[in-house]
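Novice: everything below, folded, please.
(one chain, ligands or ions: 1)
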Amino acid sequence: GESDQHAQVVVLGSGPGGYTAAFRAADLGLNVIMIERYENIGGVCLNVGCIPSKALLHTAEIINEAAEFAHQGVTFSEPEVDLDKLRAHKDDVVGKLTGGLKGLAKQRKVTIVKGYGKFSSANTLSVTDEDGSSQVISFDNCIIAAGSRVTKLPFIPWDDPRVIDSTGALELAEVPERMLVVGGGIIGLEMATVYDALGAKISVVELSPGLIPGPDRDLIRPLEKRIKAKYENIYLNTKVTAIVPTDEGLVCHFEGDKAPETETFDRVLVAIGRSPNGLAIDADLAGVQVDERGFINVDNQMRTNVDHIFAIGDIVGQPMLAHKATHEGKVAAEVIAGHKAYFDARTIPSVAYTDPEIAWMGETEESCKSKGIAYTKGVFPWAASGRSLSRGRNEGMTKVLFDKETGHLIGSGIVGSNAGELIAEAVLALEMNADAHDIGLTIHPHPTLSETLNFAAEVAEGTCTDIY
Ligand code: FAD
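Specialist: Predicted structure coming up:
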């Protein structure tokens, strides 16, 4: 035939969406080719996203905890940071996982083809490698899992090495003296947490009136309070209008509430969002519709407008999160294998791994108000949690929201240490249609942070007696 290789399923991209889809399809007996432009599989999440950022955030947590331990009677000396070792540790974590993935692909007989893939028809992709070699791969079904990339504002001087994005920040080339973080969302603030702990003076500039859009503002306040005290400046309602490279540094021009007109920084980290890769794969040659921003529309079986072509992960829309991509990947593979599978998660949790962590899922008080949903709320402040106080932190909070009519849990937000771990129980409770009574009757281990969910539910019911 005209193609060099054929597969029942070709997966374009090897991120969390792509490898999950490929592995599930192979487990269901289909033969699978996965195309990836880079040598390492695992996509953004494993290589330059979730995993390396969390490795460095753990270091930040330890540094911060040690620095604040004196009031418990133990004083540590100033940390000495060996950036090369820290980087090696992070790279080692990433290497173990991406290497492990390759092994898992091999076990399942998933063929990995290295190169950049573009559609050449509704049944073929052409894949070109860096060395110029190219091949045509034909498929019965295709799953587009090409993910997203950093959004590049046009006026930013990207050719200056002092301007970095999240990938550059994770490379950990050095710790600048003064760093401006453009964008007060999850990624920007996580990187700020890392560089602050390593000793950089941080300023954050955010266009909107608040940090981290999404959760209720009372969940953001403990983070805001803490970083206002630690960072040099946080400019809200402020726009960066120009970044001018000079010998003294990067001169940043601001327009907004309380920001100065200009200020000079050693580094600028731009974290203003991510754009889907849908416009860079010649989708039109396969007849797949892509919107003007690069997103691909899919139905609840992850099918595009072309019957045998599916799309999953960041490229199909918000929220751009790894756990959404993996679940969508399973659905696409199962549908191709003939199963009646649907993506119908009731909620997708979000976590900011800042210090303190912020996690939320389902409705917020804000969203209830704007949708006209009547709700009952329970809030448990961690200042009354024995476990939180013994860890030396009192700013946490667990909030639960119940539908006034059905009594079911419809939303939860948590701020404090390990909030990201704790939110999972609320997600399960929501999926199971639990009400406040169910959560209140569930015996939680004492003393744990997990009890705070139990107590918050009892607060909503008016039966909370456990204040310790
Ligand atoms: P991606 O991971 O983007 O993978 C797409 C893959 O396709 C890439 O490997 C790319 O090289 C390849 N590719 C693209 N086009 C082609 C082509 N034409 N030919 C060949 N290969 C191609 N999410 C979380 O849930 N939790 C977190 O803690 C978290 N932290 C993050 C931190 C940072 C700094 C960043 C940047 C992101 C973070 N995310 C996090 C988001 C998460 O990384 C993404 O949601 C996730 O990686 C999306 O998976 P995906 O499979 O859709 O695509």
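
Novice: and residue 346, what is it in contact with?
Specialist: 362, 430-431 (CB atoms under 8 Å, 6 or more residues apart in numbering). (Glycine included, C-beta is placed from N, CA and C.)

Novice: out of those, which is nearest to the ligand?
Specialist: Nearest to the ligand among these, counting by CB to the nearest ligand atom, is residue 362 at 16.9 Å.

Novice: OK, contacts around that closest one?
Specialist: Applying CB under 8 Å, 6+ apart, one finds that residue 362 lies in contact with 346-347, 401, 409-412, 426-427, 430.

Novice: now do it, the pLDDT please.
Specialist: With respect to pLDDT, residue 362 scores 98.

Novice: elements contacting the helix or strand hosting residue 8?
Specialist: For residue 8, the element it lies in under DSSP states H and E is strand 5-12. Under the contact definition 3 or more CB pairs under 8 Å, 6 or more residues apart in numbering; DSSP states H and E, strand 5-12 sits against helix 16-27, strand 32-36, strand 111-114, strand 134-144, helix 322-336.

Novice: quick check: angle from the fourth one to helix 16-27?
Specialist: Spelled out, that is strand 134-144. Here strand 134-144 runs at an angle of 90 degrees relative to helix 16-27 (axes from the mean of the first three to the mean of the last three CA atoms, to 10 degrees).

Novice: pLDDT (mean, whole number) over strand 134-144?
Specialist: What strand 134-144 shows for mean pLDDT is 98.

Novice: run through who's touching the following helix or strand past that strand.
Specialist: Going down the chain from strand 134-144, the next helix or strand is strand 148-150, by DSSP H and E. Applying CB under 8 Å, 6+ apart, the set of residues contacting strand 148-150 from outside is 44, 165-167, 270, 274-277, 314-315, 320.

Novice: where along the stretch 51-200 of the chain do the strands fall?
Specialist: Along the stretch 51-200 of the chain, the stretches classed as strands by DSSP state E, counting those that start in this stretch are 111-114, 116-121, 124-128, 134-144, 148-150, 163-164, 178-182.

Novice: want to throw those into a markdown table with mean neighbour count?
Specialist: Formatted as a markdown table, the strands of the stretch 51-200 of the chain follow (neighbours: other CB atoms under 10 Å):
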| stretch | mean neighbour count |
| --- | --- |
| strand 111-114 | 18 |
| strand 116-121 | 20 |
| strand 124-128 | 21 |
| strand 134-144 | 22 |
| strand 148-150 | 18 |
| strand 163-164 | 20 |
| strand 178-182 | 25 |
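
Novice: so how far is the ligand from the residue lying closest to residue 284 once chain neighbours are set aside?
Specialist: Closest residue to residue 284 apart from its sequence neighbours, by CB to CB, 6 or more residues apart in numbering: residue 290 at 7.5 Å. Distance from residue 290 to the ligand, counting by CB to the nearest ligand atom, to the nearest Å: 13 Å.

Novice: okay but residue 290 is in contact with residue 282, surely?
Specialist: No - using CB atoms under 8 Å as the test, residue 290 is too far from residue 282 to be in contact (9.9 Å).

Novice: neighbour-wise, which of those two wins?
Specialist: Shown here are residue 290 and residue 282; by other CB atoms under 10 Å, residue 290 has more neighbours (23 against 16).

Novice: show me what counts as buried in the lowest-mean-pLDDT helix or strand in the chain.
Specialist: Each helix and strand of the chain was given a mean pLDDT (mean pLDDT, DSSP states H and E); the minimum falls on helix 386-390 at a mean of 92. Within helix 386-390, the residues that qualify as buried are 387-388, counting by 16 or more other CB atoms under 10 Å.

Novice: any weak-confidence spans in the stretch 101-250 of the chain?
Specialist: Along the stretch 101-250 of the chain, no part satisfies pLDDT under 70.

Novice: who's in contact with the residue most central in space within the chain?
Specialist: Central residue of the chain (CA atoms, centre = their mean): residue 321, 4.7 Å from the mean position. By CB under 8 Å, 6+ apart, the residues touching residue 321 are 348, 350.

Novice: quick check: bridge partners of residue 290?
Specialist: Here residue 290 sits in beta bridges with residue 296, going by DSSP bridges.

Novice: how near is it to residue 449?
Specialist: As judged by CB to CB, to the nearest Å, residue 290 and residue 449 stand 43 Å apart.

Novice: ok now the longest helix belonging to the chain, how far from the chain's centre?
Specialist: Longest helix in the chain by number of residues (criterion: DSSP state H): helix 83-107. Mean-position distance between helix 83-107 and its chain equals 19 Å (CA atoms, centre = their mean, to the nearest Å).

Novice: in JSON lines: the helices and strands packed on strand 5-12, plus distance to residue 68.
Specialist: Listed next are these as JSON lines, based on distance: least, CB to CB, whole Å:
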{"stretch": "helix 16-27", "distance to residue 68": "34"}
{"stretch": "strand 32-36", "distance to residue 68": "42"}
{"stretch": "strand 111-114", "distance to residue 68": "46"}
{"stretch": "strand 134-144", "distance to residue 68": "46"}
{"stretch": "helix 322-336", "distance to residue 68": "31"}
